[in-house]
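[1] this one's structure only:
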Ligand code: GLN
């Protein structure tokens, strides 16, 4: 799968300017904090899916409902939806974009509800998902209602790409990829009050057998992080570590999906779940609620957590040799973390203040691999 995210620093309320900025970054690929352009434009990268940050074209840190109201649009109708549609059709890919949604009650049109939403459109510009953020951050609570978790799962369909060198003309079955969607705070404990190890979001990913996780974010730099300026084009590893920590169950519980997102069929090929963290960068003015300016952590990244079955741990304990590779027990030891080796693959990671495209071709070798040594 070819996945791209666009990390940039939208200006609060400047929708037209943000659209221009997004388009120009998609063309050029990457811009460092000092303004140097480098990288490969989206036309050459040919992603299957492009993910934008939370409230991507409006900006995030609105102080009140009054301030954001004028920017809200009904699902599928407005500047964010139009941009997503046009971009999806032009690039022939799915586009996921965060935007402020207004929903009017059909019977009482004066009755309106606002949501912090994520619109997903397909290659034809048709809406496939409209997900509403369920775990709200303080800033969202001033204007948005909670969405429903159930809307955060969908089987995305991808047509198989016909390679130009191939003579194959038979139409191939589209691939259906079980996908979980989330918006930023969704990966945190509910209201920061639920126990840290309730793992609401990661549990949802495993229980739904998702193979792809799309997260659209406006994640703030950790409080007290004065040296975001010093990081510039380097990623903020504290934020990256925290994000991974919130997916701890993927390292501990056995993945139960059958097919591989990239079509790997070998019996001993690892299972993997791809996590797409599409964050924004930049800074926005302070509000009454958030006294210091809102500074975003950037660090967008595309990683996969992989599990490769290991020889049966019980037999290993008894010293009686190895199990046939790939033959996995579905029963008692299924959630025993000794039953599989975990690796974290990373294809791309942007800097804290960088703007541009974060890209992964998940069939290609990753740029970094983290192996995990479990303390059992
Ligand atoms: N916990 C996240 C943060 O601190 C939530 C922000 C958000 O939902 N936009 O950045």
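    Okay, I see it. This is a predicted model, so every value here is computed, not measured.

[2] Tell me where the stretch 1-150 of the chain has helices.
    All helices of the stretch 1-150 of the chain, identified by DSSP state H, counting those that start in this stretch, fall at 15-28, 42-45, 65-69, 79-91, 138-141.

[3] Which strands border the helix or strand just after the last one, and is each parallel or antiparallel?
    Read that as helix 138-141. Using DSSP states H and E, the helix or strand that directly follows helix 138-141 along the chain is strand 153-158. Here strand 153-158 has these sheet partners by DSSP bridges: strand 175-183 (antiparallel).

[4] What mean pLDDT does the strand it pairs with get?
    For strand 175-183, mean pLDDT rounds to 96.

[5] Residues in contact with that strand: which ones?
    1, 54, 96, 98, 116-118, 120, 129, 131, 133, 152-158, 160, 201, 204-205, 208-217, 257, 261, 263 (CB atoms under 8 Å, 6 or more residues apart in numbering). Where C-beta positions appear, they are placed from N, C-alpha and C, glycine not excepted.

[6] Now do the buried residues in it.
    For strand 175-183, the neighbour count (16 or more other CB atoms under 10 Å) marks 175, 177, 178, 179, 180, 181, 182, 183 as buried.

[7] anything in it near the ligand?
    No - using CB under 6 Å from any ligand atom, strand 175-183 stays clear of the ligand, with a minimum separation of 6.8 Å.

[8] Now do the helix or strand that that strand is followed by and strand 175-183, the angle between them.
    Scanning forward in sequence from strand 175-183 by DSSP H and E, the next helix or strand is helix 200-207. Orientation check (axes from the mean of the first three to the mean of the last three CA atoms, to 10 degrees): helix 200-207 against strand 175-183 gives 170 degrees.

[9] Do helix 200-207 and the ligand come into contact?
    No - Helix 200-207 lies out of reach of the ligand by CB under 6 Å from any ligand atom, never closer than 11.9 Å.

[10] What is that helix packed up against?
    strand 175-183, helix 249-252 (3 or more CB pairs under 8 Å, 6 or more residues apart in numbering; DSSP states H and E).

[11] after the shortest one comes which helix or strand?
    Beyond helix 249-252 in the direction of the C-terminus, DSSP H and E gives the next helix or strand as strand 271-278.

[12] Next one: that next one, is it in contact with the ligand?
    No - using CB under 6 Å from any ligand atom, strand 271-278 stays clear of the ligand, with a minimum separation of 11.8 Å.

[13] and the angle from that strand to strand 175-183?
    Using the same axes, to 10 degrees: strand 271-278 against strand 175-183 is 40 degrees.

[14] Please name the strands paired to strand 271-278 in the sheet, noting orientation.
    According to DSSP bridges, strand 271-278 has these partners: strand 212-216 (parallel), strand 301-309 (antiparallel).

[15] which residues are in contact with it?
    Outside strand 271-278, the residues touching it (CB under 8 Å, 6+ apart) are 1, 3, 5-7, 51-53, 96, 205, 210-217, 243, 247, 250, 255, 257, 260-261, 299-308, 345, 358, 360, 362.

[16] Can you get me the start-to-end distance on stretch 270-284?
    42 Å (CA to CA, to the nearest Å).

[17] So which residues on the stretch 151-300 of the chain come close to the ligand?
    Close to the ligand, as judged by CB under 6 Å from any ligand atom, the stretch 151-300 of the chain has residues 184, 185, 188, 218, 219, 220.

[18] how many neighbours does the third one have?
    If you count neighbours by other CB atoms under 10 Å, residue 188 ends up with 17.

[19] ok now do residue 235, which residues does it touch?
    Applying CB under 8 Å, 6+ apart, the residues contacting residue 235 are 298, 299, 301, 349, 350, 351, 352.

[20] cutoff 10 Å now
    Contact analysis of residue 235 by CB atoms under 10 Å, 6 or more residues apart in numbering lists 297, 298, 299, 300, 301, 349, 350, 351, 352, 354.

[21] what about the closest residue to the ligand within the stretch 1-150 of the chain, how many neighbours?
    For the stretch 1-150 of the chain and the ligand, the shortest gap (CB to the nearest ligand atom) falls at residue 137, measuring 3.5 Å. Other residues lying near residue 137 total 22 when counted by other CB under 10 Å.
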